[in-house]
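>>> following is a predicted model, sequence given first.
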Amino acid sequence: MSETNRQFTLAARPKGMPSESDFNLVESPIPTPGANQFVARTLYLSVDPYMRGRMNDVKSYAPAVQLGEVMTGGTVSVVTASNHPGFQVGKIVEGNLGWQEYALSDGTGMRIIDPDLAPISTALGVLGMPGMTAYFGLLEITNPKPGETVVVSGAAGAVGSLVGQIAKIKGCRAIGIAGNDDKVRHITEDLGFDGAFNYKTVSSYHDELSRLCPNGIDVYFDNVGGEITDTVISLVNPRARLSICGQISQYNLEKPELGPRWLTTILRSQVRIEGFLVFQFLDQYETGQREMAQWIREGKLKYREDIMEGFENTPKAFIQMLQGANTGKQLVHVADL
């Protein structure tokens, strides 16, 4: 076993799309646990859109990563040394331990994973933060009803692909917006969406959405923002509900993108728009995870993981995810048990 701990730290604050040079690969000694602490070795590492915002030195819902600090990120890890009574050696744990091969923890924010329940990687995807984002962001924020039309942007990603399937489970029509033809085929043929289109190749978002949603849009789960969201708002039904989960089309812009003013539409149609952070539902996670796991067992819910091999490729996986190269949850496989 190596005696060094490889870590990726933030080297520079990116302007526009991040590059691999914005991160430094550094080495440090493997930490030693003190009282009520444990050390965990990373097995899988998650890269997610929210991390792009944490690279900016601006006020947000969570502190920015400082220059020289280890990049933030969720991991599934195995405890290798412990002085903590609740986390024995050999236990599989999930939490936000960052872009490093070994991490020291006092247990705050960590949970023990049962490897017999599902593959441990799902703790970072369908049964982890992305899955809970889809579950609560759709069901709690928009309360979809049978027969309604639900539109999802970023529909082939870790969150969007689950949102559309949950909408179908609840008796809705699910329409997806994705970034290439293979993703469109995946969400319609494999995941059961009622329709979808490739936003990069169509000539008119309005025409495609009107064709796929002839009775208007009742629920919109927004992962991307920008022109797509502006167009959806022009087609919403009275008392539509919009769940604002992400704005990935805006994260790498150096200047704010101008758009139409649609508050009159919101007023006239009595539309409810609500942004959310999945952590507001933390005390309900167990309920969501239990129901999602049941749907998986029943064959009602499918998931895909896009796994890149090697810790050294973490920045590459992150950048490719921001560029939309992944289908399903983007993970980095760091080590085996």
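That came in fine, so what should we check first?
>>> immediately after the lowest-mean-pLDDT helix or strand in the chain, which helix or strand?
One helix or strand of the chain scores below all others by mean pLDDT, DSSP states H and E: helix 50-54, with a mean of 90. As assigned by DSSP states H and E, the chain's next helix or strand after helix 50-54 is strand 75-82.
>>> what strands flank that next one, and is each parallel or antiparallel?
Here strand 75-82 is paired, per DSSP bridges, with strand 38-46 (antiparallel), strand 92-95 (antiparallel).
>>> between those strands, which gets nearest to residue 72?
strand 38-46 (10.2 Å; CB to CB). Every residue, glycine included, has its C-beta placed from N, CA and C.
>>> quick check, central residue of this structure?
Most central in the chain under CA atoms, centre = their mean is residue 130, positioned 4.3 Å from the mean C-alpha point.
>>> give me every residue that touches that one.
For residue 130, the contact set (CB atoms under 8 Å, 6 or more residues apart in numbering) comprises 48, 124, 158-159, 162, 329.
>>> rerun that using 10 Å as the cut-off
Contact partners of residue 130, counting by CB atoms under 10 Å, 6 or more residues apart in numbering, are 46, 48, 74, 122, 124, 157-162, 278, 303, 328-330.
>>> so which of these belong to helices?
If you go by DSSP state H, the contacts of residue 130 have 160-162 in helices.
>>> now neighbour count, distance to residue 239 and pLDDT too, for those residues, in JSON lines please.
Listed next are these as JSON lines, based on neighbours: other CB atoms under 10 Å; distance: CB to CB, whole Å; pLDDT from 0 to 100:
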{"residue": "160", "neighbour count": "29", "distance to residue 239": "23", "pLDDT": "96"}
{"residue": "161", "neighbour count": "30", "distance to residue 239": "27", "pLDDT": "97"}
{"residue": "162", "neighbour count": "30", "distance to residue 239": "25", "pLDDT": "98"}
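>>> mind listing the helices for this protein?
50-54, 129-142, 160-169, 181-185, 205-212, 226-233, 263-268, 285-297, 314-322.
>>> and for this structure, the residue most distant from the center?
residue 35 (33.9 Å).
>>> please report phi then psi for that residue.
phi -60, psi 130 (degrees, to the nearest 10).
>>> which residues touch it?
With CB under 10 Å, 6+ apart, residue 35 has these contacts: 83-84, 106.
>>> can the residues you listed go into JSON lines with extra columns for neighbour count, pLDDT and distance to residue 150?
Putting the contacts of residue 35 into JSON lines (neighbours: other CB atoms under 10 Å; pLDDT from 0 to 100; distance: CB to CB, whole Å) gives the following:
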{"residue": "83", "neighbour count": "14", "pLDDT": "98", "distance to residue 150": "48"}
{"residue": "84", "neighbour count": "20", "pLDDT": "98", "distance to residue 150": "43"}
{"residue": "106", "neighbour count": "15", "pLDDT": "97", "distance to residue 150": "41"}
